[in-house]
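Pasted the sequence and its predicted model underneath.
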Amino acid sequence: MVERLSESVLGRLPACVERPAYDRRAVRTGIVHLGIGAFHRAHQAVYTDAVLTVGDQRWGICGASLRSPSTRDALGPQDGLYTLAVRSGEGERLRVVGAVRELLVAPEQPEALLARLCAADTRIVSLTVTEKGYCHDPATGNLDENHPDIRHDLAAGSEPRSAPGLLVEALRRRRAAGLAPFTVLCCDNLPENGATVGRIVAQLAGLRDPALGRFVREEVAFPCTMVDRIVPATTDADRAAVGAALGAVDTWPVVAEPFSQWVIEDRFPAGRPSWEEHGAMLVEDVRPFEHMKLRCLNGAHSSIAYLGFLAGHETVADAMADADLARFIGQLWADELVPSVPPPPGVDLADYTAALAQRFANPALRHRTAQIAMDGSQKLPQRLLAPARDLLAEGRQVRHIALAVAAWMRFVSGRDEAGRPIELSDPLAGRLRAIAEEAGPAAGRLAPALLAVREVFEPALADDPRFRDEVTAALCRLFGQGVRRTLAGAGGAHVD
């Protein structure tokens, strides 16, 4: 019988598999991470694992799931250990990561999680809960006071359900106990993510107690970050391949590309790991890097997801092998996304996007277009709509962005070009589906109806005829010609 990955089998793994080179029993928990999913385990946890390896054992991670127990159930019997498989066209490298020392499930163990958040050793609370996990209005960046989880947390503050609610309650308890606040480190794709999360948490705290709201605004650090690594969802084939290489069962390995980047605003009053010694960049201003990544990488990724899915491409690599789609993405970068981005110090944006094209085409990663297409209502504002707004303010055209936005509209209409239903995973799914059903496959009705969704589109942008008319015309082409003919035409003259 094949053994399961755990502390007891580490010494019997093949020599080519990297593994923790430190005494995990001596590691203290200094970081609580909310949203212990694949991205965190392939990114921030790996940087932290490197810190533990060189002897600073104050920074073990307690990983908390806010909804499902699946990660705890998978990794708990493995002593928190899991395998990172780094894949490229050149092959695969395996590394067992040991930074996760404890696993909790918020709905099952709310007091245990709050106790860990309030522990004196906890100095950082990091988050990867996706854009929708912050219970905010993406168009304004403010707390959504009508969100069901926020209404719950205001009614039962000591028993929070949401990520902002957990932060507020833990900070309230620490303040009452005379403990210094932890630093809140958002690692999600939000614009100015630290400042945005700080505003959301302060707004919620202020609704509970104005004095607590002032405390959060004045005393709690919310540094901004930019994170970058492509991490596809783990498949059963991945589990089987990793297990065969280990000679042991790993029920939830993670797969990633070789590239990894982490840019962090250096503002940690309670201390931090020396991540910069292991590849992270500690800077005063993250915004140039954030704009570059959100627009050039994430904006292109969302465009590939919707257009690629509609064209029948299952993965990003498949989509980038489509000459028309690859040409469109190149034009999107050159004509619209790159001109909307002030380049970070020392970065050539043409080189950056050329490297992105190579990363997207990595044949060893099966990054599904359907996975990237999830939660589009939360992603579009910062990835595509913000650059569109900036470009229009400069009198520039937004034809390629408009086609990508129209592809999202075509996607949320609910059926593909063969009439098959499209599964829509989005916080606004019910509302978007109802709008699409009422409008039908008519761009002249569907486009204005979706542009009126204020949680996604700012009125100034939605009502600008330069944007509205381009989106409507692009949606008309997608309905009338199909995505493949539309993409073929997108490389040349503007076809209506």
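Nice, I can see it. Residues are numbered from 1 along each chain as shown.

hey, let's count contacts and neighbours off CA atoms from now on
Will do.

Please name the nearest non-neighbouring residue to Ala112.
Nearest residue to Ala112 in three dimensions, chain neighbours excluded: Leu104, at 7.7 Å (C-alpha to C-alpha, 6 or more residues apart in numbering).

In a strand, that neighbour, correct?
Yes. Looking at Leu104 with DSSP: H, G, I helix; E, B strand; the rest coil, it is inside a strand.

Go ahead and confirm it touches Cys62.
Yes. When contacts are counted by C-alpha atoms under 8 Å, Leu104 is listed as touching Cys62 (7.4 Å).

Okay, the residue nearest to Ala112 and Ser88: tell me how far apart.
According to C-alpha to C-alpha, to the nearest Å, Leu104 and Ser88 sit 33 Å apart.

Neighbour count for the two, which is higher?
Leu104 (24 against 18; other C-alpha atoms under 10 Å).

contacting residues around Pro344?
Pro288, Phe289, Met292 (C-alpha atoms under 8 Å, 6 or more residues apart in numbering).

Secondary structure element holding it?
For Pro344, there is no host helix or strand (DSSP states H and E).

can you pull out the strands in the stretch 351-496 of the chain?
With DSSP state E, counting those that start in this stretch, there are no strands along the stretch 351-496 of the chain.

which stretches of it have low pLDDT?
Scanning the stretch 351-496 of the chain for pLDDT under 70 picks out 491-496.

mind running it again at 90?
415-420, 489-496 (pLDDT under 90).

cool, and the stretch 1-150 of the chain?
Residue ranges of the stretch 1-150 of the chain with pLDDT under 90: 1-2, 89, 139-140.

switch to 80 and redo it
1 (pLDDT under 80).

list the contacts for Gly89?
Neighbour list for Gly89: Asn362, Pro363, Ala364 [criterion: C-alpha under 8 Å, 6+ apart].

and Arg95, which of the three is it?
Secondary structure for Arg95, judged by three-state DSSP, is strand.

Measure how buried the residue nearest to it when sequence neighbours are not counted is and give me the count.
Leaving aside its sequence neighbours, Arg95 sits nearest to Glu18 (C-alpha to C-alpha, 6+ apart; 4.4 Å). Number of residues near Glu18 (other C-alpha under 10 Å) recorded here: 16.

quick one: which of the contacts of Gly89 has the most company?
Asn362 (20 neighbours).

I'd guessed that one sits against Ala317; true?
Yes. Assessed by C-alpha under 8 Å, Asn362 is found in contact with Ala317 at 6.0 Å.

So Val255 belongs to a helix, correct?
No. In this structure, Val255 is strand, not part of a helix, as judged by three-state DSSP.

Next up, the contacts around it.
So Val255 contacts Ala42, Leu84, Ala85, Val86, Arg87, Val231, Pro232, Ala233, Thr234, Asp238, Leu365 (C-alpha under 8 Å, 6+ apart).

can you list those residues in a markdown table and add distance to Leu171 and neighbour count?
As requested, the contacts of Val255 are exported to a markdown table (distance: C-alpha to C-alpha, whole Å; neighbours: other C-alpha atoms under 10 Å):
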| residue | distance to Leu171 | neighbour count |
| --- | --- | --- |
| Ala42 | 28 | 25 |
| Leu84 | 33 | 25 |
| Ala85 | 36 | 23 |
| Val86 | 37 | 20 |
| Arg87 | 40 | 19 |
| Val231 | 32 | 20 |
| Pro232 | 34 | 20 |
| Ala233 | 33 | 18 |
| Thr234 | 34 | 17 |
| Asp238 | 39 | 18 |
| Leu365 | 40 | 23 |
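
Which ones among these lie within strands?
Among the contacts of Val255, the members falling in strands (DSSP state E) are Leu84, Ala85, Val86, Arg87.

Contacts only, for Pro288.
By C-alpha under 8 Å, 6+ apart, the residues touching Pro288 are Val341, Pro342, Pro343, Pro344.

so which strand or helix has it?
Short version, using DSSP H and E: Pro288 is in helix 287-291.

which residue ranges form the helices in the stretch 101-250 of the chain?
Assigned by DSSP state H, counting those that start in this stretch, the helices in the stretch 101-250 of the chain fall at 110-117, 148-155, 163-177, 193-208, 210-219, 236-246.

I'd like to know which of those helices lies nearest to Leu356.
helix 193-208 (22.2 Å; C-alpha to C-alpha).

what is the orientation angle of the closest one with helix 210-219?
160 degrees (axes from the mean of the first three to the mean of the last three C-alpha atoms, to 10 degrees).

for helix 193-208, packing partners?
Helices and strands touching helix 193-208, by 3 or more C-alpha pairs under 8 Å, 6 or more residues apart in numbering; DSSP states H and E, are strand 142-143, helix 163-177, strand 183-186, helix 210-219.

thinking again about what came up before, doesn't Gly98 make contact with the residue nearest to Arg95?
No. With contact defined as C-alpha under 8 Å, Glu18 does not count as touching Gly98 (10.7 Å).

Surely Gly141 touches Gly194?
No. Using C-alpha under 8 Å, Gly141 is not in contact with Gly194; the gap is 11.4 Å.

Local confidence estimate at the closest residue to Gly213 other than its chain neighbours?
Nearest residue to Gly213, sequence neighbours excluded (C-alpha to C-alpha, 6+ apart): Gly206, at 3.8 Å. On pLDDT, Gly206 comes in at 98.
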